[in-house]
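> Here is the input, now give the coordinates:
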Amino acid sequence: MPISSHQHRPDASDPQVQWHSEAQLEQGNGKVIDQWFAEHAQTGMLTMHDGIQCAYAKLIAHAGLADDSAELEAQSKRHTLVISSGRVESYVKYKEVIYDLYHSGFDIFIMDHRGQGLSQRSLPNPMLGYVDDFQQYVDDLLYFIDKHVIQHCAQPLLLCHSMGSTIGALAILQRPAQFSKVVFSAPMFGLSVPLPMWLAQAIVRLGLGLSRCLGKPMYFIGQGDYAPVTFAHNKLMQSAIRYSRFRESQQQYPETQIGGVTYQWVAAANTALALIAARAEQIILPVLCLNAQQDVVVDNHMQQCVVAQMPNAQWTVVENARHEILFEKDSIRGPALTQLVHFLLT
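Residues are numbered from 1 along each chain as shown. Now for the predicted structure:
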């Protein structure tokens, strides 16, 4: 079935959707958000079946704490949302997104993927972006849902960004009835590689062979340890204040710093992406895909091709957006966040 592709411009002032402006953040509301998160977030570590510990946060409006019937009624109408974040990300980066979505009517559950954020690394070098198989990410996400989400809501909503969309799509394929709706924000359904595909594949094979010979994972060619990037040179977002907060979180939580990807990660990603492309028509739940028009991190053409196979999908171009749509400047983030909320709630 065809999907819709259009420039969506809803009214960001809709009272149903609450979100912070860059001006408010610059005036000190970032500290308000951080303090609110510290007071309301339930955080912890979940031990996976293979012993790896993954950090999580959940923010739930407890009906038992309501003061009056109106508040009780409002809390009864809240929705449960699971967030699957992107590569190198942590829930500490998502504080503003969580705050805005929580106050728009969602209880939030988010877990840092293994090998990044505040979660445990599986290699001695914590900088290496590594995974044996994307199935490990999927197993972790579903285990988190089994342990912390299902008892709160049997069929939650799902919000995925970038690599988190790869993981989310695989989880949907594995459990087709687990989620009621999904939003893919700048999904990684194809890698953006500045090389001919045949050459990139040859480099991966050579790198994997060399890694086996040396007995240790190695960075993919051109990748290295974490190195701060100035706002002027970043390719992720156009909001200076939101980029500054992201950088500050990496300094406040240095354990969230991570470098580039390994040959093993690239090989695992290619296998996962091929599976999604081959089975995309089996993702039959309602889908909203937010496409970042100026994305240079993921392959937008492959993204559109994959989403076009999903029978109940809407592919929406977010005009002028870079990869981090949910951290973009107000003129981009506000309408996108509004559309996201409207899709999930209707």
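> Do a quick rundown of the helices in the stretch 1-150 of the chain.
22-24, 30-40, 69-76, 95-102, 134-144 (DSSP state H, counting those that start in this stretch).
> which of these has the lowest average pLDDT?
Note on these: helix 69-76 shows the lowest mean pLDDT, a mean of 58.
> tell me the centre residue of the chain?
residue 85 (2.3 Å; C-alpha atoms, centre = their mean).
> That one against residue 91, yeah?
Yes - using C-beta atoms under 8 Å, residue 85 is in contact with residue 91, at 7.2 Å. C-betas here are computed from N, CA, C, even on glycine.
> Name the residues contacting each of the two.
110, 112, 117 (C-beta atoms under 8 Å, 6 or more residues apart in numbering).
> burial count for the nearest residue to the last one once chain neighbours are set aside?
Take residue 117 and drop its neighbours on the chain: the residue closest to it by C-beta to C-beta, 6 or more residues apart in numbering is residue 90, 3.1 Å away. Burial measure for residue 90: 24 neighbouring residues, criterion other C-beta atoms under 10 Å.
> Quick check: phi and psi at residue 90.
phi -140, psi 160 (degrees, to the nearest 10).
> can you check residue 159 too?
The phi/psi pair for residue 159 (degrees, to the nearest 10) is phi -120, psi 120.
> Ok, residue 157 next?
phi -80, psi 160.
> what's the distance between it and residue 51?
30 Å (C-beta to C-beta, to the nearest Å).
> More neighbours: which of the two?
Shown here are residue 157 and residue 51; by other C-beta under 10 Å, residue 157 has more neighbours (20 against 8).
> these two touch, right, the more buried one and residue 343?
No - using C-beta under 8 Å as the test, residue 157 is too far from residue 343 to be in contact (9.4 Å).
> what is in contact with the two at once?
Residues touching both residue 157 and residue 343 by C-beta under 8 Å, 6+ apart: 181, 183.
> pLDDT-wise, which helix or strand of this structure ranks last?
helix 69-76 (a mean of 58; mean pLDDT, DSSP states H and E).
> Please identify the most buried of the helices of the stretch 1-150 of the chain.
Of all the helices of the stretch 1-150 of the chain, helix 95-102 has the most neighbours on average by mean count of other C-beta atoms under 10 Å, namely a mean of 22.
> In CSV, list the C-alpha atoms belonging to that one.
C-alpha atoms of helix 95-102 as CSV (Å, rounded to 0.1, in the frame of the first residue of the first chain):
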residue,chain,number,x,y,z
LYS,A,95,15.1,14.7,29.9
GLU,A,96,13.4,17.5,28.0
VAL,A,97,11.7,15.0,25.6
ILE,A,98,10.5,13.0,28.6
TYR,A,99,9.3,16.1,30.5
ASP,A,100,7.3,17.4,27.5
LEU,A,101,5.7,14.0,26.7
TYR,A,102,4.9,13.3,30.3
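> List the contacts of it.
Residues outside helix 95-102 that contact it (C-beta under 8 Å, 6+ apart): 18-20, 25, 30, 33-34, 36-37, 41, 57, 59, 61, 81, 83, 91, 108, 110, 159, 242, 245, 249, 326-327, 337, 341.
> got the angle for it vs helix 30-40?
Angle of helix 95-102 versus helix 30-40, following axes from the mean of the first three to the mean of the last three C-alpha atoms, to 10 degrees, is 70 degrees.
> quick one: the strands in this protein?
42-47, 53-59, 79-84, 106-111, 157-161, 182-185, 287-292, 313-318 (DSSP state E).
> what's the angle from the first one to helix 134-144?
Same thing as strand 42-47. 130 degrees.
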